[in-house]
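J.: I'd like to go over a predicted model; first the sequence, then the structure.
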Protein chains: 2
Amino acid sequence: MDDGISRNNNNSNQILCPIKPIRCIVKLGGAAITCKNEIEKMNEESIEKVSSQLRQAMISGLSSLKICGMDWSKRPGNSEASPTVDDFSDQSLLDSDRFIVVHGAGSFGHFQASKSGVHKGGLNQPLVKAGFVATRISVTTLNLEIVRALAREGIPSIGMSPFSCGWLTSERNVASADVSMVAKAIDSGFVPVLHGDAVLDEAQDCTILSGDVIIRHLAAQLKPEYVVFLTDVLGVYDRPPTEPNAVLLKEIAVSEDGSWSVVKPTLKEMNKQVEITVAAHDTTGGMVTKIWEAAMIAKLGIDVYIVKAATDDSLRALRGELKGNNVPEEWLGTVIRLLR
Amino acid sequence: MDDGISRNNNNSNQILCPIKPIRCIVKLGGAAITCKNEIEKMNEESIEKVSSQLRQAMISGLSSLKICGMDWSKRPGNSEASPTVDDFSDQSLLDSDRFIVVHGAGSFGHFQASKSGVHKGGLNQPLVKAGFVATRISVTTLNLEIVRALAREGIPSIGMSPFSCGWLTSERNVASADVSMVAKAIDSGFVPVLHGDAVLDEAQDCTILSGDVIIRHLAAQLKPEYVVFLTDVLGVYDRPPTEPNAVLLKEIAVSEDGSWSVVKPTLKEMNKQVEITVAAHDTTGGMVTKIWEAAMIAKLGIDVYIVKAATDDSLRALRGELKGNNVPEEWLGTVIRLLR
């Protein structure tokens, strides 16, 4: 169970294989796309900017192209659907370039899940069962909005709920997941958009499957070139970033056995012990969990970048400019990579 | 290809098997739940009444129970999420009683699909690709609203998009579909809610998979006791029901070879030839298609009822009161069953 993926992994290994490699898996952190302290409130400004950056990262060099929106549905305040059918020509299609987007829940789902205890299982209890339904309604509402925001930027986004895709857990680790539909969607030129979800669990009936665990599983199966976590802080710090002496950890090296150490800044530069504390408010795990999840990905030889959403730094990470040993001094964020 | 299900049917046959039989698959016709002539306009009143009838059909005899809503999300005009956590007790849980709901698109998705020609395939064309994305946004928007309406009635509804569930077609027939997650959801006490969807097609890249084809496939795989189609007219007529001499066909018998004939009213009663005409506006097929789809289900020995939504007649059908040869004279609707 060293990588959290148990061995009854169905037959998904045989059938997925996308035709070409995946370029990037992006996590849109719940804190970056929602207002964490207000129930079911999206951070529209951040979502719009992140969507625009994703578009720029995917098209690289063709930024002058007219955006042909793919959300033709009504929006609040707009009574009309807005088709732009005439705008489509062979030149204007965004080659979606093999990205997968996974987003967290932020202020969607958390309330419903924690009130009912969905993560602890027990579907025979009415409150848990109702909470499961309520949680899925909330997180799929957010998923639909993220898909629409990406589509408005001309990204051919396709919402794919882990529950529907057959993701099952056992003691909160992924027990089976048919990744073949995700691979098929990518091979057909779409950008799958998955999300943290309420799912069935073989050991305890049900649980919450976090976006981070989804990414780790997808990375292990689909081997992207790199993974980007977009968050609401600059990267990983040695302590909660709100504390006055918090230090941004710019590079973390992971060894083959999964242990990790801070490479940059050096201990001498920091002049103190690195201490990581878990933020108590984060129900799906704080920074230690995040580093551990990222380390599990880096162990596979896949570079991981943790960076603040909607900044110049995030755009560079999304574009793949940091690949190899190509991280400039001024770049703000955390690189987690395999010690070679 | 006599039943429209090609033979490369994956391994779904081996792994689905729900623990107990399915009681009923219900189709919510697009025309019954949306306003067909206005883009993306739900028929709220009908949806509410249908949801309430489904609840009554599922609980049979316990209608005095307090409804414990499972949609805890914000709604337009309500700034607050509305949890009713305190209302849940062991007594108040609705035993969901093994129903599956499948709904059509009505005025959702049709516009996007027909503008772009998604049903004809060709994902290499930018317009088709964009239309595919736009169609899925529209139909999943409706799906979310149907799931929420059911959840507000205390039905533990779970949205499951055919695309995400791995439904693939070949020349518009179902080529493969992993029904195991639908079965697992039912075994866990949920009511899966599927919908007509844009899906990948092995022969032509993509197409539209109609709710009727989904139902036929689910019925063949999961063998429900009966199937109910809720529509916006009383049932199947011999010609468009708007025509003055249209006659409601009350019973259609299907023989083993799939051919069908009208049993009630008798030709003598009707005093004329039965003529079925296809309504030109219905892109996924008119009444002939509907009868054919229903006949394919009846051929399996599963009774099919086609009845107007939100009527006393639909409630009786949903409750299973018409099973066997138990159709009272005054019941308005169409029964399609195997000639025994």
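T.: Everything's here; your move. The model shown is predicted, which means the values in this text are computed figures rather than measured ones. Numbers count the residues shown, from 1 in each chain, chains lettered A, B, ... in the order given.
J.: Touching, A:Leu249 and A:Gly235? I think so.
T.: Yes - counting by C-beta atoms under 8 Å, A:Leu249 does reach A:Gly235; the two are 6.8 Å apart. Placement of C-beta: from N, CA and C, glycine included.
J.: Common neighbours of the two, please.
T.: Contact criterion C-beta atoms under 8 Å, 6 or more residues apart in numbering or on different chains; residues shared by A:Leu249 and A:Gly235: A:Thr334.
J.: For whichever residue of the stretch 151-300 of chain A sits closest to chain B, the count of nearby residues, please.
T.: Nearest residue of the stretch 151-300 of chain A to chain B (C-beta to the nearest C-beta) works out as A:Ser164 at 3.9 Å. When neighbours are counted by other C-beta atoms under 10 Å in any protein chain shown, A:Ser164 registers 27.
J.: and if you look at A:Ala203?
T.: Neighbours around A:Ala203, by other C-beta under 10 Å: 12.
J.: helix or strand right after the helix of greatest length in chain A?
T.: When chain A is parsed with DSSP state H, its longest helix is helix A:126-152. As assigned by DSSP states H and E, the chain's next helix or strand after helix A:126-152 is strand A:157-159.
J.: Name the residues of that following strand that are buried.
T.: A:Ser157, A:Ile158, A:Gly159 (16 or more other C-beta atoms under 10 Å in any protein chain shown).
J.: Intersect those with the contacts of chain B.
T.: The overlap between the buried residues of strand A:157-159 and the neighbours of chain B (C-beta under 8 Å from any C-beta of the partner chain) comes to A:Ser157, A:Ile158, A:Gly159.
J.: export those to CSV and tack on distance to A:Ser180 and pLDDT?
T.: Output for those, formatted as CSV (distance: C-beta to C-beta, whole Å; pLDDT from 0 to 100):
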residue, distance to A:Ser180, pLDDT
A:Ser157, 19, 97
A:Ile158, 14, 97
A:Gly159, 17, 98
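J.: right, and out of these, which lies closest to A:Gln221?
T.: Ranked by distance to A:Gln221 (C-beta to C-beta), those are led by A:Ile158 at 17.8 Å.
J.: What residues of the host helix or strand of A:Val262 count as buried?
T.: Per DSSP H and E: A:Val262 is located in strand A:260-264. By 16+ other C-beta under 10 Å, the buried positions in strand A:260-264 come out as A:Trp260, A:Val262, A:Lys264.
J.: Identify the residue spatially nearest to the last one, adjacent ones excluded.
T.: Leaving out its chain neighbours, the residue that sits closest to A:Lys264 by C-beta to C-beta, 6 or more residues apart in numbering or on different chains is A:Glu251, at 3.9 Å.
J.: Now the phi/psi pair for the one you found, please.
T.: phi -150, psi 130 (degrees, to the nearest 10).
J.: Could you check how many residues crowd around it?
T.: 18.
J.: do the same with A:Ala198
T.: 31.
J.: Could I get the contacting residues of it?
T.: A:Gly109, A:Ala113, A:Val118, A:Phe132, A:Thr135, A:Arg136, A:Val139, A:Phe163, A:Cys206, A:Thr207, A:Ile208, A:Leu209.
J.: Show me the domain layout of chain A.
T.: A:1-61+A:92-224, A:234-340 (automatic domain parsing).
J.: Determine which stretch of those domains is the most buried.
T.: Highest mean neighbour count among those (mean count of other C-beta atoms under 10 Å in any protein chain shown): domain A:1-61+A:92-224, with a mean of 22.
J.: Which residue ranges of chain A form helices?
T.: Under DSSP H, chain A gives helices at A:12-15, A:30-33, A:44-59, A:110-116, A:126-152, A:180-187, A:211-222, A:267-270, A:287-298, A:312-319.
J.: Of all the ones you listed, which one is nearest B:Arg216?
T.: Nearest to B:Arg216, of the helices of chain A and by C-beta to C-beta, is helix A:180-187 at 21.5 Å.
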